[in-house]
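*Asks:* predicted model and sequence follow; I will ask about them next.
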Amino acid sequence: MTGMLREDLFEGTNPNIGVTAKTGTTKARIERAALQLFARHGMDGVSIKQIAEACTISDGAMYRHFKSKDALARLMFEAIHKTLLDMVASHLKPNASLEEIARALVTAYCTLADEDPAQFTYHLTHRNYFIAASGDGGADPSDLMTDCIAQAMERGEIPQGDPELRSAMALGVVMQAAEYSLYGRIARPLSAHIDEFTRGIMAVLRS
C-alpha cells in the first residue's frame, strides 16, 4: 500500500517499553526505537546509527546489547510472533468451533494492533522476510487457520476447496483492514470491528 502511516500512530507509546527487555533498561529503549523505525521505514531502510541516535546512545553501546541490526530485528520479530500465538491460544476453548477459532485469531490481531501499533506494523510488514523467505519464525497463526479449515472441509462443515487459498482469503478480511487502519483509511480501534471481521471470515469460508 502506498502513502504514509498515520502521524499519530505511535504517539503516546512509552519509549522505555521494549519487546523482550525489561522496561526501563537501555536494551528496552533500543528495542522500542528500532521497532518504531523499522515499522516506519522498513528494516533495510534503517541503520544502526539511526537506532542509536533515536535512543540517545553511541553506536558502540548498541553493539554491547545486540551483535547486529539483523539479530535485533529477528529477536523482536520472533518475540512478537510468539506473542500473537499466545494471544490466539488465550482466546481458544477446548474443542473450539471453526467460528470460535476465527474469532480468536481476529481478536489477537486486533488487540495487538490497538495496544501496540508499532509491534503490529513491524510484524505485518516483515512476515515475508522472516517466515516466507527464510522458512523461520516458528508456528504461524495462518497455519492454525489452514489446518482448521482443512479439518472443517473433511467434516463437511464448509464447502470443499484449497485450504491454503481459503485461509489466505479469510485472514485477508482482518489483515487488509488492519493495514488500511495504519494509513488512516479505517477508524480505530480495530477491536470495535471484531464481530464484523468474524462474520466476514465465516462468509468467506462458507462460500
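*Replies:* Ah, there it is. Computed from a predicted structure; not experimentally measured.

*Asks:* where does the protein have low pLDDT?
*Replies:* For the chain, the stretches flagged by pLDDT under 70 are 1-3, 132-139.

*Asks:* residue ranges for the helices of it, please.
*Replies:* When secondary structure is read from DSSP state H, the chain shows helices at 26-41, 48-54, 59-65, 69-90, 98-115, 117-127, 141-155, 163-182, 194-206.

*Asks:* distance between the third one and the chain's centre?
*Replies:* Pointing back at helix 59-65 there. Taking the mean C-alpha point of helix 59-65 and that of its whole chain, the gap between them comes to 27 Å (CA atoms, centre = their mean, to the nearest Å).

*Asks:* can you give me the buried ones in it?
*Replies:* M62, H65 (16 or more other CB atoms under 10 Å). For the C-beta atoms, the positions are set from N, CA and C on the backbone; glycine is no exception.

*Asks:* equivalent analysis for the longest one, please.
*Replies:* Residues of helix 69-90 classed as buried: 69, 72-81, 83-85, 87-88 (neighbour count, 16+ other CB under 10 Å).

*Asks:* any idea of the angle that helix forms with helix 141-155?
*Replies:* If you take axes from the mean of the first three to the mean of the last three CA atoms, to 10 degrees, helix 69-90 sits at 40 degrees to helix 141-155.

*Asks:* so what touches helix 69-90?
*Replies:* The set of residues external to helix 69-90 that reach it, using CB atoms under 8 Å, 6 or more residues apart in numbering, is 19-20, 30-31, 34-35, 38, 43, 46-48, 51, 66, 104-105, 107-109, 111-112, 119, 122-123, 126, 130-131, 136-141, 144.

*Asks:* which outside residues touch stretch 156-165?
*Replies:* With CB under 8 Å, 6+ apart as the test, stretch 156-165 has contacts from L98, T146, D147, I149, A150, A152, M153, R166, L205, R206, S207.

*Asks:* D140 versus the third one, what's the distance?
*Replies:* Applying CB to CB, to the nearest Å, the value for D147 to D140 is 11 Å.

*Asks:* just the fifth one next, same as before
*Replies:* Using CB to CB, one obtains 15 Å as the distance from A150 to D140.

*Asks:* what do you get for the last one?
*Replies:* Note on S207: its distance to D140, by CB to CB, is 24 Å.

*Asks:* neighbour count for these two, which is higher?
*Replies:* Neighbours per residue, other CB atoms under 10 Å: of S207 and D140, the larger number sits with D140, 15 against 10.

*Asks:* phi, psi for the residue of the chain positioned farthest from its centre please.
*Replies:* If you look at how far each residue of the chain sits from its centre, by CA atoms, centre = their mean, the farthest one is G156, at 31.2 Å. Note on G156: its backbone torsions stand at phi 80, psi 20 [degrees, to the nearest 10].
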